[in-house]
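**Q** Quick one, what's the 3D model for this:
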Amino acid sequence: MKRSTRGAFAMVMACAAAVGGASAATASEQPEVPVPLNGLEHALDMDAPEITTGIPVPLPGGSLDGPHYAEDHLLPERMVPRIPVSNSLPSASVVAPMSDVLGEDTVESLGVRAYASDVDASTPSANLDLPVTAPRGDLWGLPAPAVPNAGVEAPSLSAEPTTDLGLA
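**A** Next comes the predicted model:
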């Protein structure tokens, strides 16, 4: 292999590694964004709460749970496959001043914080079966009548969110 070919190959591999590393870093880290509530202070004549939250980006994760061929069926099960989606539930925090509401200075603010959590989900899938079976040998290669069947499998969602509530 010539030097120029090896150099070009090394450059391509370095760029691919940099792109792969950057996408993994941005998927796992979600920067917190403040929610602007400045107009609320003037409208209600009180201090507005401070709200910050992350911005989730759903990413396909895992492999498709695609069609499965079953005996005595013309069409496969799960004709519309389940698509797994992995992401992380973003962190969020709300700090609301309470001194104006209660009229006393004993409790200054109420804070709620939800921590980031991994979320695994899958989309619903559809099943459809025709009113005839696959060709059968005992009927000289003809299909037998069957009860038509259609259904939708429910989506799944799993997460383990945690929260904190605090008074200051």
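**Q** Look up how far residue 129 lies from residue 149.
**A** Between residue 149 and residue 129 the distance, using CB to CB, to the nearest Å, works out to 4 Å. No exception for glycine: its C-beta is placed from N, CA and C like everyone else's.
**Q** Looking at the two, which one has more neighbours?
**A** Taking neighbours as other CB atoms under 10 Å, residue 149 and residue 129 compare with residue 129 leading, 20 against 13.
**Q** Show the model's pLDDT score for that one.
**A** Confidence per residue is given as pLDDT, and for residue 129 that number is 79.
**Q** wait, doesn't it sit right on residue 79?
**A** No: here residue 129 does not reach residue 79: they are 9.5 Å apart, not a contact under CB atoms under 8 Å.
**Q** Using the centroid of this protein, identify the residue furthest from it.
**A** With distances taken as CA atoms, centre = their mean, the residue sitting farthest from the centre of the chain turns out to be residue 140, at 49.8 Å.
**Q** Residue 110 contacts residue 98, correct?
**A** Yes: between residue 110 and residue 98 there is a contact under CB under 8 Å: 5.3 Å.
**Q** how far does stretch 154-164 stretch from start to finish?
**A** Between the opening and closing residues of stretch 154-164 we find a distance of 31 Å, counting by CA to CA, to the nearest Å.
**Q** Show me the contact partners of that stretch.
**A** Around stretch 154-164, the neighbours that count as contacts under CB atoms under 8 Å, 6 or more residues apart in numbering are 89, 111-115, 117-124.
**Q** Tell me the confidence at the residue nearest to residue 142 when sequence neighbours are not counted?
**A** Taking CB to CB, 6 or more residues apart in numbering as the measure, residue 142 lies nearest to residue 135, with 6.4 Å between them; neighbours along the chain are not counted. Residue-level confidence at residue 135 comes out at 82, pLDDT.
**Q** what about the protein, any weak spots by pLDDT?
**A** In the predicted model, the chain carries pLDDT under 70 at residues 1-29, 57-62, 72-74, 99-105.
**Q** all helices for it, in order.
**A** With DSSP state H, the ranges of helices along the chain come out as 3-28, 38-44, 99-102.
**Q** picking that back up, which ones among the contacts of stretch 154-164 are found in strands?
**A** Among the contacts of stretch 154-164, the members falling in strands are 89, 111, 112, 113, 114, 117, 118, 119, 120, 121, 122 (criterion: DSSP state E).
**Q** Now the two most distant members of these.
**A** Distances among the ones in strands among the contacts of stretch 154-164 were taken as CB to CB; the most separated pair is 111 and 122, at 34.3 Å.
**Q** Who has more neighbours out of the two?
**A** The residue with more neighbours, out of residue 111 and residue 122 and counting by other CB under 10 Å, is residue 122; that gives 21 against 15.
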